[in-house]
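In: Fold the following for me, if possible:
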Amino acid sequence: MGRLALITALARLALRDTRRRIGQSLALAVLAALFLLISVASLAVALGIWLAQMTNPVAAALILSGGALVLGLLFLWLSGVVRRGRGAGLQDMQAEAGKLASSLKDEAAKLPPSVTLGAAGLAGLVLGLKLFGKK
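Out: Numbers count the residues shown, from 1 in each chain. Now for the predicted structure:
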């Protein structure tokens, strides 16, 4: 039963790491969208001021919209970097899962196929109930 608890713990760690990366990517994408929206609004204000007055306030509004555009593109780029990044915890978990898989493979080779399939089905059922069951 200790191996089943280890498998469950590994699955929970994988889900937690995935949720964290998705949350970071979503937050940075929202920031990118916000700054791109500010950029477009500032550009519209700058165009309106330029068309209305043809004076120096235009330069200030254009600088503001250019800065917002740069920030928006930076956050958009960062959201892609976070999405592609892999945490150290995930690599450790993959190494442990590889060790567990090789250990289970060695033990499963000694058993008849029906016992191995039955154990795999039972492990999947218990894992699914623990991860997705009602609490």
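In: what's the distance between residue 30 and residue 106?
Out: As judged by CB to CB, to the nearest Å, residue 30 and residue 106 stand 47 Å apart. Bear in mind the C-beta positions are built from the backbone N, C-alpha and C, glycine included.
In: ok, these two, which is more surrounded?
Out: Taking neighbours as other CB atoms under 10 Å, residue 30 and residue 106 compare with residue 30 leading, 12 against 9.
In: Give me the distance between that one and residue 36.
Out: Distance from residue 30 to residue 36, by CB to CB: 11 Å.
In: Could you do residue 109 as well?
Out: Taking CB to CB, one finds residue 109 at 56 Å from residue 36.
In: list the helices and strands the lowest-mean-pLDDT helix or strand in the chain packs on?
Out: Lowest by mean pLDDT, DSSP states H and E among the helices and strands of the chain is helix 88-110, with a mean of 72. Here helix 88-110 touches helix 2-53, going by 3 or more CB pairs under 8 Å, 6 or more residues apart in numbering; DSSP states H and E.
In: and the angle for the helix it packs on with helix 88-110?
Out: 150 degrees (axes from the mean of the first three to the mean of the last three CA atoms, to 10 degrees).
In: And helix 2-53, how far out from the chain middle?
Out: 9 Å (CA atoms, centre = their mean, to the nearest Å).
In: can you offset everything so residue one is 349?
Out: Got it, first residue is 349 now, which makes that one helix 350-401.
In: Which elements pack onto it?
Out: Looks like helix 350-401 contacts helix 405-432, helix 436-458, helix 461-480 (3+ CB pairs under 8 Å, 6+ apart).
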